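Colleague: A predicted structure for the sequence below; I have some questions about it.
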Amino acid sequence: MKKIRTTVLTGFLGAGKTTLLNTLLTRSAGEKIAVIVNEFGEVGIDGQLVVETEDAVIELNNGCLCCTVRGDLIAAIRSLVASGRPIDRIIVETSGLADPAPVIQSFILDEVMAKAIQLDAIVTVVDVRNLDLHLEQDEAREQIAFADVLLLNKTDLEPADRVAEVETRVRALNPLARILRTRDCAVSPFEILDIGAFDLATILAIEPTILEDHDHEHDSTISSVALRLDTPLDPVAFNRWINTLAIDRGRDLFRCKGVLDMAGEARRFVFHGVHMTLEGRPGKPWKPGEARVSDIVFIGRNLDGDDLRRGFEACLARQHALAS
Ligand SMILES: Nc1nc2c(ncn2[C@@H]2O[C@H](COP(=O)(O)OP(=O)(O)OP(=O)(O)O)[C@@H](O)[C@H]2O)c(=O)[nH]1
């Protein structure tokens, strides 16, 4: 049986993994690619942000592939293999908090996966603007150490000498990986896919106990808060609130992202926050008769869920209509 080539995309929260996934899907049109996306929060936003593809997009939410939903990854891949459908490759996007070691372990130790899957490469996206903050987390260091290819991404946000500094720091954590500098993860699929870079011997040199079973524990101060509202938001109020949050709490607020229903808009508003950097743009149009909801997820340190809920609810358009 021909093995299915599989690429694992990793990198800390907000580094650009979904951007890379979309680049690869768009530039590999014609291939049958099964995608597995994993998010730490209970509400998956990434599933809505992956470009339209005819092939399977499997969402594994509410936990990390390295621990709570690790069994789900194995089950998802086993069922893809058992389905017998033609698949040229699988791309797995791990959550930004995933430790890659247990994920790699699953590919090697699970009998079905080992027989059916050829792990091609671990590709790690690095956020050059926020690397210093991210390296405070063990997971970010592990993601860099285990990479076969490292994308130093968001080079547009930092001067060249800072990017060079980041490269030196990253190189110290991983002397062997191929390093590419990118903006919006703009790479050719040839540089990432079918490169045959994964090598168990190298991984064992980094982590001799990788094939032994150990529980992975995340920093317990980091959590996620998912909020949903089913009435439209006031765009000005939302902007004011989210900007204030980013200024006041940006260091601890690793990531927020949302797909929002703004009053009077025919299209979704897709919103991203990575520490203090905020970005929003129109998304897919709402279909006639479709239930319009706003989903937002926060991932960070010492989050106050009640306070976030109150702040989000204060952005409801009807409150502002009443006030004016
Ligand atoms: N300025 C700039 N922004 C970027 C670049 N690459 C990605 N972004 C933005 O960074 C934000 C996060 O990108 P994603 O691709 O969603 O990051 P991610 O790693 O998938 O995020 P999580 O899945 O939440 O961990 C989005 O607002 C992107 O548009 C880049 O090279 N430059």
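Modeller: Alright, I've got the coordinates.
Colleague: list the contacts of Arg183.
Modeller: By Cβ atoms under 8 Å, 6 or more residues apart in numbering, the contact set of Arg183 is 153-156. No exception for glycine: its C-beta is placed from N, CA and C like everyone else's.
Colleague: for Lys257, same thing?
Modeller: 45, 49, 271-273, 296-297.
Colleague: confirm it sits in a helix?
Modeller: No: according to DSSP: H, G, I helix; E, B strand; the rest coil, Lys257 belongs to no helix; its state is strand.
Colleague: re the thing from before, need the contacts of Lys257 in CSV (columns: secondary structure and distance to the ligand).
Modeller: As requested, those are exported to CSV (DSSP: H, G, I helix; E, B strand; the rest coil; distance: Cβ to the nearest ligand atom, whole Å):
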residue, secondary structure, distance to the ligand
Ile45, coil, 8
Leu49, helix, 6
Phe271, strand, 8
His272, strand, 3
Gly273, strand, 8
Ile296, strand, 12
Val297, strand, 8
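Colleague: go ahead and build a PyMOL selection from the buried members of these.
Modeller: A single PyMOL command is used to select the members of the contacts of Lys257 judged buried by 16 or more other Cβ atoms under 10 Å:
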select buried, resi 45+49+271+272+273+296+297
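Colleague: want to throw the contacts of Lys257 into CSV with pLDDT?
Modeller: As requested, these are exported to CSV (pLDDT from 0 to 100):
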residue, pLDDT
Ile45, 72
Leu49, 75
Phe271, 94
His272, 94
Gly273, 95
Ile296, 94
Val297, 92
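Colleague: and which of the contacts of Lys257 is nearest Gly30?
Modeller: Using Cβ to Cβ, Leu49 is the member of the contacts of Lys257 that sits closest to Gly30, with 22.1 Å.
Colleague: from what I can see Asp252 touches Asp304, true?
Modeller: No: applying Cβ atoms under 8 Å, one finds Asp252 not in contact with Asp304, separated by 10.6 Å.
Colleague: picking that back up, make a ChimeraX selection of the buried ones in the contacts of Arg183.
Modeller: The ChimeraX selection below is limited to those of the contacts of Arg183 classed as buried (16+ other Cβ under 10 Å):
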select :153,154,155
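Colleague: quick one: name the residues of the chain near the ligand.
Modeller: Counting by Cβ under 6 Å from any ligand atom, the chain comes close to the ligand at 11, 13-19, 46, 96, 153-154, 156-157, 183-185, 255, 257, 272, 274, 279.
Colleague: out of those, which sit inside helices?
Modeller: Counting by DSSP state H, those place 17-19, 46 in helices.
Colleague: of all pairs in those residues, which one is the farthest apart?
Modeller: In these, two members sit farther apart than any others by Cβ to Cβ. They are Thr19 and Asp46, at 10.8 Å.
Colleague: can you pull out the helices in the protein?
Modeller: So, for the chain - with DSSP H - the helices run 17-27, 46-49, 70-83, 100-109, 111-116, 131-134, 138-145, 160-173, 200-206, 235-249, 305-313, 317-323.
Colleague: okay, and the helix or strand of this protein with the least pLDDT?
Modeller: Every helix and strand in the chain was compared by mean pLDDT, DSSP states H and E; the lowest is helix 317-323, with a mean of 69.
Colleague: rewinding a little: now list the buried members of the residues of the chain next to the ligand.
Modeller: Taking 16+ other Cβ under 10 Å as the criterion, what is buried in the residues of the chain next to the ligand is 11, 13-19, 46, 96, 153-154, 185, 255, 257, 272, 274.
Colleague: can you give the domain ranges for this structure?
Modeller: Using automatic domain parsing, the domain parsing of the chain gives 4-206, 223-323.
Colleague: so Arg203 touches Ile210, yeah?
Modeller: Careful, residue 203 is Ile; it's not Arg. Yes: at 5.9 Å, Ile203 counts as touching Ile210 under the criterion of Cβ under 8 Å.
Colleague: now do the shared contacts for those two.
Modeller: Contact with both Ile203 and Ile210 is made by residues Ile104, according to Cβ under 8 Å, 6+ apart.
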